[in-house]
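S.K.: Build me a model:
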Amino acid sequence: MENPPRTPEEIERDWLENVYAGDLVPQLTGRAVVTGMVWASGWRSPNCWARCSATR
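M.R.: Sure, this is the predicted structure:
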């Protein structure tokens, strides 16, 4: 049997009560910092290579 459709308020209340962790979960973790550093170095490398190649 299919559940009746829920209202947006019911969906939001369910999310707030069962999913959202609020201030219990840190927003800036070591994992986030390392991931940012990896992404930044990945984006920076091609730019540095292009600049070095252009100066020759």
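
S.K.: Around W43, count how many other residues there are.
M.R.: Number of residues near W43 (other Cβ atoms under 10 Å) recorded here: 9. Using the backbone N, CA and C atoms, a C-beta is placed for each residue, glycine as well.

S.K.: hang on, I meant V33
M.R.: With other Cβ under 10 Å as criterion, V33 counts 10.

S.K.: Quickly find the element holding it.
M.R.: Using DSSP states H and E, V33 sits in helix 30-54.

S.K.: What residues sit buried inside that helix?
M.R.: Of all the residues in helix 30-54, not one is buried under the rule 16 or more other Cβ atoms under 10 Å.

S.K.: Tell me how far it lies from the chain's centre.
M.R.: Relative to the centre of its chain, helix 30-54 is centred 18 Å away, using Cα atoms, centre = their mean, to the nearest Å.

S.K.: residues in contact with that helix?
M.R.: With contacts defined as Cβ atoms under 8 Å, 6 or more residues apart in numbering, helix 30-54 is touched by no residue outside it.

S.K.: now stretch 9-16
M.R.: Stretch 9-16 is contacted from outside by R6, using Cβ under 8 Å, 6+ apart.

S.K.: tell me the mean pLDDT over that stretch?
M.R.: Averaged across stretch 9-16, pLDDT comes to 95.

S.K.: Also stretch 33-49?
M.R.: 83.

S.K.: I'd like the numbering to begin with 2 instead of 1 from here.
M.R.: In the new numbering, first residue 2, that becomes stretch 34-50.
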